[in-house]
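Chemist: Quick one, structure for this:
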Amino acid sequence: MKHALGIFIVLPMVLMFALTVSGMDYIFWFIDAPTLFVFMVVLFAVYFTTGEFRTFVKTANAIFSKKYVISEEDVEKGLRLLALSGKVINYTAVFQVLGALIIILGTLDDPANIGPMLAITFVSALYAAMLQICFILPSTHILKNRVNRGTPTST
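Modeler: Purely as a prediction, here's the structure:
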């Protein structure tokens, strides 16, 4: 539980730092709901199409609740799912960056569009890195610790 709380402490601390350093106006530069929406839709589409949504639910319960009993087999499935999620996040970010760059190249005659489109490319890469650092890596660590500590397993 201590590690799971750490996940939710890191991002707000980064946002608070950005607020105090740059003022309230600049914090909205880092919030791009459509980009986050694309990440979540792609992740859940992969979970549903691969039939791993149930594994996702079990893994999430194991990460956020110490009382949840999970078998070693489910922990291994969860670790594989987290590795897949990391790859999907990276590929989604690459797809978003390339899509924005294609649009930028198509509209080079209008310099007003270059700035916002470049911002989308950088925010996509930032979100991919933040999802990896604040979700995938800590979740993998928590699951590995559940196995190493001999957490009771179900039969």
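
Chemist: Three-state assignment for Val46, please.
Modeler: helix (DSSP: H, G, I helix; E, B strand; the rest coil).

Chemist: Now do stretch 41-52: distance to the chain's middle.
Modeler: In terms of CA atoms, centre = their mean, to the nearest Å, the centre of stretch 41-52 is found 14 Å from the chain centre.

Chemist: buried set for that stretch?
Modeler: Buried residues in stretch 41-52, defined by neighbour count with 16 or more other CB atoms under 10 Å: 42-43, 46-47, 52. Using the backbone N, CA and C atoms, a C-beta is placed for each residue, glycine as well.

Chemist: Between the residues you listed, which sits nearest Val94?
Modeler: Of all those, Val94 sits closest to Val42, with 11.7 Å by CB to CB.

Chemist: That closest one: what's it in contact with?
Modeler: 88, 92 (CB atoms under 8 Å, 6 or more residues apart in numbering).

Chemist: Repeat that for the one 5 residues further on.
Modeler: Contacts here follow CB under 8 Å, 6+ apart; on that basis Tyr47 touches 53, 55-56, 81.
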